[in-house]
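# give me a model of this one.
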Amino acid sequence: MSFREMTITLDDVLAFLHLPMGGRFYTPGYATRAEAAQTCALLLGGSASDYALKFDHVKTIGLRFGFLQELYTKALRDRRYGPATQMWLVHVVGSMLFACKSGGWYTTVHWISIVEHLDQVLEYAWGAIALPTLYDALGHASQRKTKQMCYYTSLLLAWVFEHFPPTIIQRMEVPDYTEDQPRACRRRESRTGHPELMERQVIFDEMTAEDVIWTPYEEHRDRSSAAVSVDGAYADYEPYLIPEGVPATIEGEVVGNYLDWYTTVSHSVYHPG
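From the prediction side, this is the model:
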């Protein structure tokens, strides 16, 4: 954009989801196909060979949500409530944070060891996990050969609703929304009135900093018990923070000429021919 760049932050995620930002952070392992199948068999029941076959259906290490629903229903019928709870969590978390549509609606399973110990599930920083997951998806989406974006696209859409005008994307207000709810519940995408891709690109290129809503959550923070300031989470890390000094008035004062250089290697401005 003409005023350089902006991105979704933890502050946005906290307002959108009301999920904890502090706690244990999960770093997914890069298990082999056989290891992932074995983990699924251990946590969800069945045999590793069955899960390896399910991986073939989505052409990656993942499970379709329809299959997870079948497992959950069977576990309830057999009164295996512990495994049923694990399957339900895999379905809910997977459909929110790790959902993919290529080859069918499914979730990757590199993260499911989180649900092994149900008494520890609430210890994880789920809100903080959501943001790098979205960043990872955006990184893949920026590649030339990528045809669609996966993972938590609703989080990105909510961010667009809050910070950009309706000329970018039409939205509908949810009539019964209240500020004590997660802010992502406030609006829905309109099915009509969307500009074409190239038209939207021109709108982005012509936007100025004055067109952006930079502080959309002031009322939400005042009225929501869940939405506390992200800045407060860093209070315990004060020795590691840069001391307060003279504030920068323009971007270039932070690191000299950085943004001028950065725009020569990334984020080019495109104009329709």
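
# contact partners for residue 83?
Contact partners of residue 83, counting by Cβ atoms under 8 Å, 6 or more residues apart in numbering, are 43-45, 75. C-beta here means a position set from N, CA and C on the backbone, and glycine is covered the same way.

# pLDDT of the helix or strand harbouring it, averaged?
Element membership of residue 83, judged by DSSP states H and E, is helix 81-97. Mean pLDDT, computed over helix 81-97, is 87.

# over to stretch 61-77?
The pLDDT scores in stretch 61-77 average 90.

# ok, now how distant is the closest residue to residue 76 other than its chain neighbours from residue 151?
Closest residue to residue 76 apart from its sequence neighbours, by Cβ to Cβ, 6 or more residues apart in numbering: residue 84 at 5.0 Å. With distances taken as Cβ to Cβ, to the nearest Å, residue 84 is found 25 Å from residue 151.

# which one of these two is surrounded by more residues?
residue 151 (23 against 19; other Cβ atoms under 10 Å).

# need the residue in the chain that's farthest from the chain's center.
Distance from the C-alpha centroid of the chain, by Cα atoms, centre = their mean, peaks at residue 78 (34.4 Å).

# distance of that residue relative to residue 63?
Taking Cβ to Cβ, one finds residue 78 at 19 Å from residue 63.

# now swap in residue 171 and tell me
Distance from residue 171 to residue 63, by Cβ to Cβ: 32 Å.

# ok, those two, which is more surrounded?
The neighbour count for residue 171 versus residue 63, taken as other Cβ under 10 Å, is higher for residue 63 (24 against 19).

# which residues sit against the helix or strand that one falls within?
Using DSSP H and E, residue 63 maps to strand 62-64. The contact list for strand 62-64, computed with Cβ under 8 Å, 6+ apart, reads 40, 51, 54-55, 57-58, 90, 94, 100, 104-109.

# swap the cut-off to 10 Å and go again
Outside strand 62-64, the residues that touch it by Cβ atoms under 10 Å, 6 or more residues apart in numbering are 36, 40, 44, 51, 54-55, 57-58, 70-71, 90-91, 94, 98-100, 102-110, 112.
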